[in-house]
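Undergrad: Build me a model:
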Amino acid sequence: MRRIVGALLVITFLNGCSLPLVGSVTTSSITGLATGNYQPSILSTAIDFGVHEQTGKTPFQLVLEWQWPPKPAHLS
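TA: The predicted model follows:
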């Protein structure tokens, strides 16, 4: 039991150190397993991978870019 809790804590705290999609997959997987709603978890992960494959960015990065578009270089 201690190993499982320790592994979950390590995964949770090291999410920021990994690639954005790895964090999404681990978070979705843990949430799906804990709540028993693994179908929405699988769907969310599939959407994240599909969006990243098409755009090269995560859905969160796209939302941030849409909300606060980068300023042109001549205006900086």
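
Undergrad: And the longest helix along the chain, what does it pack against?
TA: Secondary structure of the chain read by DSSP state H shows that its longest helix is helix 38-55. Taking 3 or more Cβ pairs under 8 Å, 6 or more residues apart in numbering; DSSP states H and E as contact, the helices and strands that helix 38-55 lies on are helix 20-35, helix 59-67. To be clear about C-beta, it is placed using only N, CA and C from the backbone, and glycine gets the same treatment.

Undergrad: Ranking these by mean neighbour count, which comes first?
TA: Mean neighbours per residue, mean count of other Cβ atoms under 10 Å, is largest over these for helix 20-35, with a mean of 15.

Undergrad: model confidence over that one, on average?
TA: Here the mean pLDDT over helix 20-35 is 71, rounded to a whole number.

Undergrad: again, but for stretch 4-17
TA: Averaged across stretch 4-17, the pLDDT comes to 70.

Undergrad: Which of the three states applies to Lys71?
TA: Secondary structure, DSSP: H, G, I helix; E, B strand; the rest coil: Lys71 is coil.

Undergrad: could the helices and strands packed on helix 38-55 be laid out in a markdown table, adding distance to His74?
TA: Formatted as a markdown table, the helices and strands packed on helix 38-55 follow (distance: least, Cβ to Cβ, whole Å):
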| stretch | distance to His74 |
| --- | --- |
| helix 20-35 | 30 |
| helix 59-67 | 19 |
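
Undergrad: Thank you, goodbye.
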